[in-house]
Structures are given as structure tokens and as C-alpha cells.
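Enquirer: got a predicted structure here, sequence first:
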Amino acid sequence: MEKILFGKEKGLFKANLHCHSVVSDGTKTPEELKEMYVKQGYSVIAFTDHDVLVPHNELTDGHFLTLNGYEVEINDNTHTGPFSTCKTCHMCFIALDEDNFTQVCYHRSAYLFGNASKYRDIVKYDESKPDFVRNYTPECINQMISEARNGGFFVTYNHPVWSLETLDDYGKYKGLNAMEICNYSCCEQGIQDYNENQYDEMLRMGQRMYCVSADDNHNYRNDSFGGFTVINAPKLEYKAVTDALLNGNIYASQGPAIKEIRYEDGKISIDCSDCQSVRINTGVRRSDISYGTHEEPLKHAEFEVKPDDVYVRLTVTDFSGKHANSRAYFIDELEK
């Protein structure tokens, strides 16, 4: 029996899930960002300014959806050198409910910088809880992930290369919904935060998470429109879109399009935009790849799924070297 893994819903919504505005350290207002991104075919922006959840629901209309969120950073507080040599962990918390404005792990007087400090008086948090002190330890970071998940947030792990983190660090993080397989702003700075290997490392350790691409734009430079996530949802409404995020009805891209992914009779197949290649990775020492040419670009590929595979994920590469990445589908998911 054929199983549609991606593409069964009618809506394909282009989203930037990591975006900074003048609310923290960006240069554009939310209104300006909406106008910019709509012109480039985007339907969704998650506003994830540093450490303050400031909702922008007033920007939502029939063609554009605002997701509310914020980015947290946990810096190595034992580090004594310059910040450029300091390890840090950054995560985005994206609210799953449009009326959820309550921040988790909040501190009343610390961790705000840039314009974010201007919004302290409007931030919502649980006033019965003491100030949350951040420590750069797996225990603290995992507590923040857990509290965010329990507080109704979708949690993404961001730009591990820029953060100077290695598997010894992020391999200890538990409960993430997704990680950035591409952070466009970092790549534009020359920091290669295209993270296929890091994603595979987490998957092979048993971490069942999705992958996203995002701009992480601040707009001091050309850091918009280079990394996006396509969300397959029945309609452009808050709950429909966040349900699709939670269920992994997404793919990450720098440009190429994935139209549909199917599984049937031990084979996984993909329909995509014109491309140079499609590759399958499996979590074991086995992969496969199909190629097209400029004269006959590849639009469809099919691969066998073998019993020893741990998971399968697909990478589409166009003729300019840009990638689209499916999330990982574990073998037991395929056989349900």
C-alpha cells in the first residue's frame, strides 16, 4: 500500500522559522520584513527575536501568517576570553498556539541585549517561578528544552558551527523537535553552517528530530531569502501550520522544491523540481544517488529501502549546488 510521506495536504507554505527584527538586534521592523518576504513568495515568518516573545498577530492576513517565538542563548559562563571564542547554544522556541505568549525559563533582569530590553515590561512569564539562571551544561540546556516543550513550544537547535559546538556538546541535548540543517546568515558570513553531518550524527544517536532551513536574518548584510522551510498543511492557519510542524510535514531548502515523497513495497520515491542529483542516506554505511544532466534534469528518483537501514532521508541538489533536504523517516515509521 502506498504511503505519502510528504505532499498529501494541498497547502505548501514557504516559511522563515528564524528571523530577527528591530525588537532585538535586527535592522528591519516586523512590518518591513513581512513586505520583503511576501514579495519573495513566503507565507510564514516566525519572529524569533532574542529572549523576548513579542507577538505580531496583527500582521496575519489571508495570505500571510505570523508565528510567535523567541531565541534563547546559553553562553559558556566559565569562558574568560573574547566572545568569538566562547561556546554557546542557541535555540528557537516557536509557540504552537497563537495565544501562547508566556515565556519559559525567564529571568527578570538578565539575558536581554539590544532593543530587547525595551520590551521587558510587556513580556509574559510565570510570576510564581524564581528567576531562571542559565548555565552552559547539558543538564541546564535539557531542562530548558523540556520546559519549552511542556510550555507549548516547538524547539529548534540552531547553527552548531557558529556556536563552536561539537558532537560532545550537542550530542547530549535531548528532546529537540528539529535542528537547522542550514543557517543562511552564517553561510553568508563564511561560516559553513550547512549541517548534514551533524544531523546524521544526532539521528544515529537515536535522536528523532526533523531538520529545517532558516535565514536567521538580521539584515545588516544580504542574509535573507537563502534558507527556508516548506510546510505542508491543509490551510494557512496557525494551528494547521504548527500541527504540520509537529508532525514533520516539512522539508528544508536553499532553493530546490520537493513536491511529494512516497513509500511503497520497500521503496521510497520522490518528485522534485529539475535537479542534478537526488541522494539517499540511511544511517548506516550505505547510500545511493541518481543523477540528471542539463539536457535531461532529474525530476523523479526511487530508491530501495533495506532491512538494515536505520532511517532514510533524501537530498535534492540543483545545478547551482543548492540543496533541499527531507527530514529523516525512521524505518518503523515507514512500516506503520
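Expert: Arrived safely, thanks for sending. Remember, predicted model here, so these are calculated numbers, not experimental data.
Enquirer: show the backbone phi and psi for residue 58.
Expert: Main-chain torsions, residue 58, degrees, to the nearest 10: phi -70, psi -20.
Enquirer: let me see the contact set for the closest residue to residue 234 other than its chain neighbours.
Expert: What sits nearest to residue 234 in space, not counting adjacent residues and going by Cβ to Cβ, 6 or more residues apart in numbering, is residue 9, at 4.8 Å. C-beta: built from backbone N, CA, C; applies to glycine. Going by Cβ atoms under 8 Å, 6 or more residues apart in numbering, residue 9 touches 232, 233, 234, 244, 249.
Enquirer: how close does the last one get to residue 121?
Expert: Between residue 249 and residue 121 the computed distance is 38 Å (Cβ to Cβ, to the nearest Å).
Enquirer: can you flag which of the contacts of residue 9 belong to strands?
Expert: 232, 233 (DSSP state E).
Enquirer: among the contacts of residue 9, name the buried ones.
Expert: 232, 233, 244, 249 (16 or more other Cβ atoms under 10 Å).
Enquirer: output those residues as TSV; include the columns distance to residue 165.
Expert: What follows is the buried ones among the contacts of residue 9, written out as TSV (distance: Cβ to Cβ, whole Å):
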residue	distance to residue 165
232	30
233	31
244	28
249	28
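Enquirer: need the max-distance pair from these.
Expert: 233 and 249 (6.8 Å; Cβ to Cβ).
Enquirer: what's in contact with the helix-or-strand element of the chain with minimal mean pLDDT?
Expert: Sorted by mean pLDDT, DSSP states H and E, the helices and strands of the chain end with helix 331-334, the least confident at a mean of 94. Helix 331-334 is contacted by residues 3, 5, 263, 268, 305, 309, 310, 311, 312 when judged by Cβ under 8 Å, 6+ apart.
Enquirer: hmm, try it at 7 Å
Expert: 3, 263, 305, 309, 310, 311 (Cβ atoms under 7 Å, 6 or more residues apart in numbering).
Enquirer: how is this structure carved up into domains?
Expert: Domains of the chain are assigned by automatic domain parsing as 7-254, 256-336.
Enquirer: just the endpoints, please. Distance across the last one?
Expert: To tie it back to what came earlier, the one meant is domain 256-336. End-to-end distance for domain 256-336, by Cα to Cα, to the nearest Å: 29 Å.
Enquirer: equivalent analysis for the longest one, please.
Expert: Length of domain 7-254, first residue to last, Cα to Cα: 18 Å.
Enquirer: so for it, what's the average pLDDT?
Expert: Averaging the model's pLDDT scores along domain 7-254 yields 97.
Enquirer: for residue 49, the count of nearby residues, please.
Expert: 24 (other Cβ atoms under 10 Å).
Enquirer: that one touches residue 22, doesn't it?
Expert: No. Judged on Cβ atoms under 7 Å, residue 49 makes no contact with residue 22 at a distance of 8.7 Å.
Enquirer: give the residues shared as contacts by the two.
Expert: Common neighbours of residue 49 and residue 22 (Cβ under 7 Å, 6+ apart) do not exist.
Enquirer: can you list contacts of the helix or strand containing residue 300?
Expert: Assigned by DSSP states H and E, residue 300 falls within strand 298-304. In this structure, residues lying in contact with strand 298-304 by Cβ under 7 Å, 6+ apart are 266-272, 274-278, 280, 288, 290-292.
Enquirer: if you set the cut-off to 10 Å instead, what comes out?
Expert: Outside strand 298-304, the residues that touch it by Cβ atoms under 10 Å, 6 or more residues apart in numbering are 259-260, 262, 264-280, 282, 286-292, 309, 312, 314, 316-318.
Enquirer: quick one: buried residues of that strand?
Expert: Neighbour count says strand 298-304 has 298, 301, 303 buried, by 16+ other Cβ under 10 Å.
Enquirer: next one: stretch 38-51
Expert: 42, 43, 44, 45, 46, 47, 48, 49, 50, 51.
Enquirer: number of residues surrounding the closest residue to the second one other than its chain neighbours?
Expert: In this case it means residue 43. Counting by Cβ to Cβ, 6+ apart, residue 13 is the residue found nearest to residue 43 once chain neighbours are left out, at 4.1 Å. Residues lying near residue 13 (other Cβ under 10 Å) number 22.
Enquirer: and residue 13, what helix or strand is that in?
Expert: Counting by DSSP H and E, residue 13 is part of strand 11-19.
Enquirer: and the next element down the chain from that strand?
Expert: From strand 11-19 onward toward the C-terminus, using DSSP H and E, the following helix or strand is helix 30-39.
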